[in-house]
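S.K.: please work out how this folds:
(chains A and B)
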Amino acid sequence: MKLTGARILLECLLEQDVDTVFGYPGGTILNVYDALYDYRDRIRHIRTAHEQGAAHAADGYARSTGRVGVCFATSGPGATNLVTGIATAYMDSSPVVFITCNVGENLIGRDSFQEVDITGITMPITKCNYMVRHATDLADIVREAFAIARSGRPGPVLIDILKNATAEEADYYPLPLERHHTVGRLKSLIGRASHNMTAPEPDSEDIDTLVQLIAESERPLLICGGGVVRGRAHKELDVFARRIDAPVAITVMGAGGFNGRNPLTTGMIGMHGSQASNMAVDKCDLLIALGCRFSDRVALSPTTFASQAVIVQVDIDRSEINKNVQTSHHIVGDVKRVLELLNVRVAQKDNKPWKDYVFSFPTETEYSLAGDSLTPKQISDVVARTAPWDTIVATDVGQHQMWVTQHFHYDYPGQLLTSGGFGTMGFGLGAAIGAKVSHPDKTVLHITGDGSFRMNCNELATVAYYDLPIVTILFDNRTLGMVRQWQTLIYDGRYCETDIAVEPDFVKLAEAYGLGGRRVNNAADFEDALKEALSCGHGYVIDCVIDVDEKVRPMVNGGDHITQFLIN
Amino acid sequence: MRKNRYTLAVLVDNESGVLSQVSRLFSRKDYNIESLAVGTTDSPSVSRITIEVMAEDDARADLLCNQLRKLFPVHSVKLLSPDRSIRRELVLIKVRAENSEDRNEIIQIANIFRANVIDVTPGSLTVAVIGQEEKTDAICELLKQHGILELVRTGVVALERGAYTIDEDTKEKGEFNYGKNVR
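M.R.: Numbers count the residues shown, from 1 in each chain, chains lettered A, B, ... in the order given. The predicted structure is shown next:
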């Protein structure tokens, strides 16, 4: 049948079972929004306050559901406002399809109004991107884009559609999702690039070698990385860890990949890792990194990392092998499949002396609960006992991010939404919107700091408009806490441009958007406020006033040896 | 740190934007491209790019290959080892030649290097030479005394010796077994 490009696009979204799109309309994408008017019963559109918020929301949707998120934006500034969101998704391997429209074919390349080369700009931060000139190409490209976004190591894909392609008509033949790989571009891509489209079946010799290494090891350690979360391999990892009786250190991106309450977990690893995790890395004789790329925040000093260990890397992306840390053995494949194969092969082990050693160090930082003011630990404790166990937590970036990653116990993948790789301040509120829209029955908390919150607090407008009961818990120390902490510890207390002397009244800000808000100074008031916020059924901001000198502990300086703690 | 020269052969979709995607990968990973040559292959939809880069060691060069393989327009990548491949470059050199003595000497040099004189004017000679950089550098050095007016290189193109082709085994494990030194 003949349809306009705009309708073909929306039909293709329905082929992919897309129920929600986050976005912001504008001049060049008007044809798509006009068509969306007729699809509004099947595709829900969430209009954010800013395109960046839409990008983070689509990302939060993807992370919390494991499905592909979709985001619309117009040309020029609409498209460039997505860039931070696209880079955030790329660094954390989150599957999002971004759809922008560009000026028409007769205007392109002429520096027309709101024209920008967005495919050029986003080339290094997408798995792949496309410019669509004609409606005839559209269906084929959208199908390929979704397949690429979700396949192998997931990631963002951008489709830039010229305005004329959304207006002109072309033949559209519906095709069910399971048959997409049998036609057109996707068929030929799978034919020649199957290594990028499907996870390779793990090599059986490689598995044998690892089984042998496990049998020989006396001090094994597992690292649960983001790949376990993206691959939803938490159940297999749980069986594997118990079977080989190995402690499990969890990266920020790995939170939720291994149950935080499991007695085998040593807590977080790396720059703000627990003493148990970091000491275990240094002393283990076998390190199995699952879906972990040894970023500089985990490995810190790549040459001295796990220097006594045979390092084994399991990753779906072969270009990650040996990129940051030289390994002794590796398996390329989906971590879930690798663990399934291992679980039927490895024998039950008992490593009690090694576990006794590792767990003689604390797996969590002991923060003092004393003092006059509210402490981050008190906030975490209250949240942990007040909010439901399956609460989804979206964070921004900074001290609060580390505190909630350290102190909350995440039970399932997609429970913690945080910008681990790119470290995007302002990510949290958008991500919380994406999570709440896709999980209306779950409690969604947005945990932030005053610095991060000021970056994208405009999305409170979205929270209010769609009446999303998202509770913002604001760690308000009136400073850029993490940067200030570095200034304290490394820059001799020269607090250049970190202290924010005059903060807005965040309670009044919430009220201005029609939301509830309350400022609290002690744990009892906070608990009271949180209960009120959770039961009110609308958006709510709790401004928690904490001390300016609160620190994230422990801390190892970047590049230093992993056990060389600056502070404990 | 001492770096070695590596030659990479890359087959890609013959589409706009692909060359910039490939070349940007090198700048993004902090490698400078020493030489680059692009052209279509026997299949019009596929282009072949030959890239030379300076890299620390074989492992880093392998990592670059794996990064390239991740790009969707890339069909196959092969690291060509110098002793098992043929590398050639075409250089055009315009030399000052204002009298017959100069012209004769330049023509003699060209003959020794099996270079061709492809253009003559009363004031200049243009010489075309094909070879590896040892040869082209040597002729350039000799022609310098006459005064090189202009010089252009095509960039190195390379093929593996023998019957092997870039398509064989490219996605196979054989190319990816570095680092497995457990035993």
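
S.K.: helix or strand: which one has the residue in chain B positioned nearest to chain A?
M.R.: Residue nearest to chain A within chain B: residue B:66 (3.9 Å; C-beta to the nearest C-beta). All C-beta spots, glycine's among them, are computed from the backbone N, C-alpha and C. For residue B:66, the enclosing helix or strand under DSSP states H and E is helix B:58-70.

S.K.: list the buried ones in that helix?
M.R.: B:60-70 (16 or more other C-beta atoms under 10 Å in any protein chain shown).

S.K.: got it, and stretch A:152-168?
M.R.: For stretch A:152-168, the neighbour count (16+ other C-beta under 10 Å) marks A:152-166, A:168 as buried.

S.K.: ok, stretch A:214-226 next?
M.R.: Within stretch A:214-226, the residues scored as buried using 16+ other C-beta under 10 Å are A:214, A:217, A:219-226.

S.K.: and those, which of them are in strands?
M.R.: A:220-224 (DSSP state E).

S.K.: from the residues you listed, pick the one nearest residue A:81.
M.R.: residue A:224 (33.9 Å; C-beta to C-beta).

S.K.: just want the residue of chain A that's nearest chain B.
M.R.: Across chain A, no residue is closer to chain B than residue A:319, which sits at 3.9 Å (C-beta to the nearest C-beta).

S.K.: which of the helices or strands spans residue A:502?
M.R.: Using DSSP H and E, no helix or strand contains residue A:502.

S.K.: need the contact list for the nearest residue to residue A:285 once chain neighbours are set aside.
M.R.: Nearest residue to residue A:285 in three dimensions, chain neighbours excluded: residue A:219, at 4.4 Å (C-beta to C-beta, 6 or more residues apart in numbering or on different chains). Residues in contact with residue A:219 (C-beta atoms under 8 Å, 6 or more residues apart in numbering or on different chains) are A:283-286, A:351, A:354.

S.K.: repeat for residue A:108
M.R.: Residue A:108 neighbours (C-beta under 8 Å, 6+ apart): A:102, A:115, A:162.

S.K.: regarding it, what is its secondary structure?
M.R.: coil (DSSP: H, G, I helix; E, B strand; the rest coil).

S.K.: what pLDDT does it get?
M.R.: With respect to pLDDT, residue A:108 scores 94.

S.K.: please apply the same query to residue B:118.
M.R.: Residue B:118 is given a pLDDT of 95.

S.K.: A strand includes it, no?
M.R.: Yes: per three-state DSSP, residue B:118 lies within a strand segment.

S.K.: surely it is in contact with residue B:130?
M.R.: No: at 11.9 Å, residue B:118 and residue B:130 do not qualify as touching, with contact defined as C-beta atoms under 8 Å.

S.K.: between these two, which one's more packed in?
M.R.: residue B:130 (15 against 12; other C-beta atoms under 10 Å in any protein chain shown).

S.K.: any idea what the more buried one is bridged to?
M.R.: Beta-bridge pairing for residue B:130 (DSSP bridges): residue B:90.

S.K.: quick one, domains of chain B?
M.R.: B:4-85+B:159-176, B:87-157 (automatic domain parsing).

S.K.: lowest average pLDDT across the ones you listed?
M.R.: domain B:4-85+B:159-176 (a mean of 87).

S.K.: separation between residue A:514 and residue A:46?
M.R.: Distance of residue A:514 to residue A:46, given as C-beta to C-beta, to the nearest Å: 17 Å.

S.K.: tell me which of those two has more neighbours.
M.R.: residue A:46 (23 against 14).

S.K.: the one helix or strand that one maps to: partners in the sheet, and parallel or antiparallel?
M.R.: Using DSSP H and E, the element containing residue A:46 is strand A:44-47. Strand A:44-47 has its sheet partners listed here by DSSP bridges as strand A:20-23 (parallel).

S.K.: which elements pack onto the very next helix or strand once past the strand it pairs with?
M.R.: Downstream of strand A:20-23, the next assigned helix or strand under DSSP H and E is helix A:30-39. Applying 3 or more C-beta pairs under 8 Å, 6 or more residues apart in numbering or on different chains; DSSP states H and E, we find helix A:30-39 packed against helix A:5-15, strand A:96-102, helix A:163-167.

S.K.: kindly reformat those as a markdown table containing distance to chain B and mean pLDDT.
M.R.: A markdown table is the format used below for the helices and strands packed on helix A:30-39 (distance: least, C-beta to the nearest C-beta, whole Å; pLDDT from 0 to 100):
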| stretch | distance to chain B | mean pLDDT |
| --- | --- | --- |
| helix A:5-15 | 19 | 98 |
| strand A:96-102 | 14 | 98 |
| helix A:163-167 | 16 | 97 |
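
S.K.: return the most buried member of those.
M.R.: Per-stretch averages of neighbours, counted by mean count of other C-beta atoms under 10 Å in any protein chain shown, single out strand A:96-102 among those, with a mean of 29.

S.K.: how about residues contacting the next helix or strand after it?
M.R.: Using DSSP H and E, the helix or strand that follows strand A:96-102 in sequence is helix A:118-122. Residues outside helix A:118-122 that contact it (C-beta under 8 Å, 6+ apart) are A:75, A:79-80, A:82-83, A:86, A:98, A:100, A:102, A:129-131, A:158, A:160, B:17, B:20.

S.K.: residue B:157: which of those is nearest?
M.R.: Comparing the contacts of helix A:118-122 against residue B:157 with C-beta to C-beta places residue B:20 closest, at 19.9 Å.

S.K.: tell me how many other residues crowd the closest one.
M.R.: With other C-beta under 10 Å as criterion, residue B:20 counts 11.

S.K.: buried stuff in the helix or strand containing it?
M.R.: Per DSSP H and E, residue B:20 falls inside helix B:18-28. Buried residues in helix B:18-28, defined by neighbour count with 16+ other C-beta under 10 Å: B:18-19, B:21-22, B:25-26.

S.K.: ok, now stretch A:421-429?
M.R.: For stretch A:421-429, the neighbour count (16+ other C-beta under 10 Å) marks A:421-429 as buried.

S.K.: swap in stretch A:17-25?
M.R.: A:18, A:20-25.

S.K.: now render these as TSV, adding pLDDT.
M.R.: Output for the buried residues of stretch A:17-25, formatted as TSV (pLDDT from 0 to 100):
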residue	pLDDT
A:18	97
A:20	98
A:21	98
A:22	98
A:23	98
A:24	98
A:25	98
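
S.K.: near chain B, which residues of chain A?
M.R.: Within chain A, the positions lying close to chain B (C-beta under 8 Å from any C-beta of the partner chain) are A:119-120, A:123-124, A:127-128, A:148, A:189, A:192-196, A:203, A:209, A:213, A:310, A:317-319, A:321-323, A:326-330, A:332.

S.K.: drop anything exposed from those.
M.R.: For these, buried by 16+ other C-beta under 10 Å: A:119, A:123, A:127-128, A:148, A:189, A:192-193, A:195-196, A:203, A:209, A:213, A:310, A:317-319, A:321-323, A:326-330, A:332.

S.K.: which residues touch residue A:64?
M.R.: Here residue A:64 is in contact with A:392, A:414, A:417, A:434-435, A:438-439 (criterion: C-beta under 8 Å, 6+ apart).

S.K.: and which of the contacts of residue A:108 is nearest residue A:359?
M.R.: Taking those together and measuring to residue A:359 by C-beta to C-beta, the closest member is residue A:102, at 56.7 Å.

S.K.: residues touching that closest one, list them.
M.R.: A:28, A:75, A:79, A:108, A:115-116, A:118, A:131, A:160-163.

S.K.: so residue A:456 belongs to a strand, correct?
M.R.: No: counting by three-state DSSP, residue A:456 is located in no strand; its state is helix.

S.K.: quick check: closest non-adjacent residue to residue A:484.
M.R.: In this structure, residue A:484 finds its nearest non-sequential neighbour in residue A:498, 4.3 Å apart by C-beta to C-beta, 6+ apart.
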